[in-house]
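**Q** The sequence and its predicted three-dimensional model are supplied below.
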Amino acid sequence: MVKHLRTYTLFFQSLFILPIAHAEVNQWDWAPRESLTTEQQSQLSQYCQGSYINNWKATEVKGTNLTADIIVRDQGEVINLKGAAEIVKPLYSLSADDIEGIPNQYYKANGNVTLRNKDLLIRSSSAFISNNNNEDTSFKDAKYLNHESGTRLEAKALTRSQDGIVFIDEGFFTTCEPNQESWKLYGSSIELNTNQGFGTAKHVQIRIGAIPVFYFPWLRFPLNNTRQTGFLFPSFGYSGKDGLNVSAPFYWNIAPNYDATITPQLIQEKGEGIDLELRHLSPYGETVYEQSTFSDKEEGEQTLLKLKSTQKFNQHFSTGFLVEDNPTKNKRPEANSTSISKKDHYERSVYFTANNGNFLNKITYLTYQTPNSGIDKPFEWRPRVDNSYRIATTYLDYKIDTQYTDFYDPDENNFDGQRIALNQDSKLNFNNAWGNLTTGLLAQYRDYDLHNYKNKTDSETSIGHISGYVDSSVMFERRLPLGNSVWRQTLEPRLNYLNSPFKDQDLIPNFDASQSTTTYSQAFGHSRFNGNDRIGDTEQVTFGLESRLYDENNNEKWAFKAGQIFYLKDRYVGISGNTDENKAIDTSNRSDLLTSANYNGNRYTLTGNLNYNMDDDEVNLVQFIAAMEPVDDIKINLSYLYPKNDAKQASAGTIFPINDNWSAFTQYTYDFLREDLTKQTAGLGYENCCIKVSLSYQDWLNDDKIFDRGVFLQFILRGLSTAGRANSEVNIANDYWNQGKVGY
C-alpha cells in the first residue's frame, strides 16, 4: 500500500510543476487582478488572477477606414497597405505589417496579424480574410481567444469556414488563464462547432501541466451547456482490497426529450459490469429508467433495476410510479453509479393525486420485493386512499383527515385486513403580540376488518377516542445594550396540557405505529405515537422555557430551550402487547429534562441537544454539531452522538489552506462501542481558476462491516469536465470538493 501511495503522491505532485506562460499582457488582452476595478474584481472567483479585457468597440462609421504608412491601389482594384496597416469596419478590425486585398471580397495580411471583434481576438503570422462568404478564413501560427468564455487555443493553422466552424491543425485548447496553464487539450486536428456547442478532436492528449494523463483516438467535448453525444471523462480509484477501479460513461443525446448514459465498470480483482440511465421528459414530467449489472468473479451476476416517473398534468392532478427490483437474490452490484442502493425491501408503487385548494386527495397502491426469504415482508397497501380538508380563520382552525388502507401480509403467516382512520383536530386560537392561547379537541376513530392467518378467523373491531389539549405561551422582551450596539433578548415560557384518556386496545393491531425519541419540540405534541393504530393514553403537563438573542440587525444569534413533561397518570398503552388498565407500562412521573442550544455566528455554528434523566441521574441523549471557520478558509467540523443503548460516535474533520492554492483535509470517526476508528481520511487539494484536484487516502468500515482502504484522485478541468473518483462513503474529501466553486 505504501508503494502505491508513494506513486500517487509523486504523480499528484508532478501535476503542478507547471510551465508558467510569461505572456505579455497585451498578447491575450489579459489584465491582472490588481489592475481591475472593484466591480470587475468582485466578479472573479477567489482563485482567478485576472480577467480578459476587450477594448475593441464597434465604430459608427458605415464604410471601411484604411490606415498605413503607405497605401497603394493598382489598376485591378487591389489595395496594398504597407507599414502599420489597419482596416476598421463596423463589426471588426484587422491590423498587420502589410495588408493587400479587394474590399468586400478578401484581405491577405502578413506579419503581426491581429483580428478583433466584439468577443474575439486572433493573432497570427499571416491570414486570409474572406469578406463575401465564398471562401474560408484562415490563419497560420494562430492564437485565438474568446473573451466571454475564456476559451484560448493555439494552432499551426486555424481555419474558419463559411458556416462558422473552426478547424485547428496541430494545436491545443484550454480555458486556463495565460499565466496558469494547468490543463490543455492537444489534438492533431480539432474542430469547434460553435453553432451547435461542441468540439471534436483526433489523437487527443489531455495534459495536466506538461504531463499527458489521457489519450483518446477521438474525443467529442462540450463548448457550452448544450447536450452532446459522446464519452464523458472516466472515473478511477485504487483500493488495497479490490485493486484498480475504472468507469467510462458514454452520454447519448437521443432526442430533445430523450437521453441515456451508459457506464462500463471494471474492478480489477472483482469483475466488470455496466450501468444504464435512460431519461424521458414529457410536457408533464420526467421518467427515468436505471439498471446496474455487475459480473462478479466469485458471486456471478448482480443486478439492480429502477423505473420512476412523476407527471403533473395541471395544478390539480398528478400521478407517478416507482418500480425497484433486485432479480439476483439479494446481491448488489459491486460497482454502481446509479441512484439504486441496497435495501431489504424494494418498492413498487403507483399513486394518483387530485387537489383543489384545501381539499387534498391521494390514492396509492404499494407492494414490495423482498429478495431475502428469511426477512419478514412488510405490509402492502392494496390500496391506500387519503383525503383531507382544512379550514382556517382568525380564531378557528379545523382539519379532518380520513384514510382507508387495505393491508396485505405477503407472508400470510400473521394477520392483515382493512383499516379506516378518521382524525379531526378542532382548535380555537387567541393570539396577540405578547402571547398565545390555543385550546383544542382531537377526535380519533378507527375501524378494522381483520383476517388472522394463524387460526383462519375473521374479526371486526373499532375504537373512538377524544383527547383535549391546551397550548399557551407568553413573550417577554428587553433591550440588551452590548458595546456600541443594542441587541434584543426574548424570554418565552410555554405551558402545554394534554389529556388523552385510556381506551382498551387489546383487539387493535399494529400496522404502522411507532414511537420516536422524545425531544424538546416533540414534548409539545398531542400524541404519544406515530401512525394511525395505537392511541396513547396520558394526562400530562409540559413546561418549557425558550430564550433568544437577536443582534442589532435582528438576526437570531443564540437560542436556548429547556423543557420537561410531568405525568399526572401512569401510561397503560404501548406499541405492542395487551393494554391492561391495572398494569402500567410506564410509571415515571416525569420525562427527561430536554434541552437544546443553537448559535449562529459569522464564523461558528453550534447545535447541541441533551436529554438528562433526573431520577436515575444519567444522560440518555447527547448530540453536538459544530461548524467553525476560526480564520478565513480554515474549516473545522465536529460532531458527537450518544443515544443510550445505541451507537456512540465522534467525528472530527478539518480543511485548512497551505497557501493560496493548496489545502489539506483530514477526517476521523471514532466508535466508542467498537473502541475503534471506523473512518480515516487524509488528503491534499489544489485549486486555481481552471483546475481543482484532490488526492486522498481513506480507510473505512464498509457496509459489510469489513475495513477497506484506498487512494482516490479527483480533478475538475473547469470549462471541460470532471475526472477521477472519490470513495462513495461520506467523507470530508467530498466536502472539500464542493468548496470554492464561486462562479462555476
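**A** Received, thanks. Numbering: from 1, shown residues only.

**Q** ok so Pro283 is a helix residue?
**A** No: according to DSSP: H, G, I helix; E, B strand; the rest coil, Pro283 belongs to no helix; its state is coil.

**Q** got the contact list for Trp669?
**A** Rather than Trp, residue 669 is Thr. By C-beta atoms under 8 Å, 6 or more residues apart in numbering, the contact list for Thr669 reads 649-651, 677-680. Just so you know, the C-beta spots here come from the backbone N, C-alpha and C atoms, and that holds for glycine as well.

**Q** Only whichever of those are buried, select them in PyMOL.
**A** The buried residues among the contacts of Thr669 can be selected in PyMOL (16 or more other C-beta atoms under 10 Å) with this line:
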select buried, resi 649+651+678+679+680
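
**Q** remind me which residues of the stretch 601-744 of the chain are low pLDDT?
**A** 703, 719-744 (pLDDT under 70).

**Q** which residue ranges form the strands in it?
**A** 604-613, 618-628, 635-643, 649-657, 662-671, 676-687, 691-701, 707-717, 721-724 (DSSP state E, counting those that start in this stretch).

**Q** Any idea which of these gets closest to Glu299?
**A** strand 707-717 (17.0 Å; C-beta to C-beta).

**Q** in its sheet, what does that closest one sit against?
**A** strand 235-239 (antiparallel), strand 691-701 (antiparallel), strand 721-724 (antiparallel) (DSSP bridges).

**Q** Helices along the chain, start to end?
**A** 2-14, 38-42, 732-737 (DSSP state H).

**Q** any idea which of those helices scores lowest on pLDDT?
**A** Note on the helices of the chain: lowest mean pLDDT is at helix 2-14, with a mean of 43.

**Q** Show me the strands in the stretch 251-400 of the chain, by range?
**A** Going by DSSP E, counting those that start in this stretch, the stretch 251-400 of the chain shows strands at 258-267, 271-281, 285-296, 300-312, 317-325, 346-356, 359-369, 380-392, 396-408.

**Q** same thing with the stretch 401-550 of the chain?
**A** Using DSSP E, counting those that start in this stretch, strands in the stretch 401-550 of the chain cover 415-432, 435-452, 457-474, 476-482, 485-500, 538-550.

**Q** Any idea how far the second one is from the middle of the chain?
**A** Centre-to-centre, strand 435-452 and its host chain are 39 Å apart (C-alpha atoms, centre = their mean, to the nearest Å).

**Q** what pairs with it, and is each one parallel or antiparallel?
**A** Sheet pairing of strand 435-452 (DSSP bridges) gives strand 415-432 (antiparallel), strand 457-474 (antiparallel).

**Q** need those strands in CSV with mean pLDDT, distance to Glu492 and mean neighbour count, can you?
**A** Below are the strands paired with strand 435-452 laid out as CSV (pLDDT from 0 to 100; distance: least, C-beta to C-beta, whole Å; neighbours: other C-beta atoms under 10 Å):
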stretch, mean pLDDT, distance to Glu492, mean neighbour count
strand 415-432, 96, 13, 16
strand 457-474, 96, 6, 15
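
**Q** Ile508: which of those is closest?
**A** It is, among those and with distance given as C-beta to C-beta, strand 457-474, at 6.1 Å.

**Q** ok, and what's touching that closest one?
**A** Contacts of strand 457-474 (C-beta under 8 Å, 6+ apart): 434-452, 492-501, 503, 505, 507-508, 524, 526, 535.

**Q** if we can go back for a sec, any chance of the strands paired with strand 435-452 in a markdown table, plus distance to Asn55?
**A** Shown next, in a markdown table, are these (distance: least, C-beta to C-beta, whole Å):
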| stretch | distance to Asn55 |
| --- | --- |
| strand 415-432 | 62 |
| strand 457-474 | 64 |
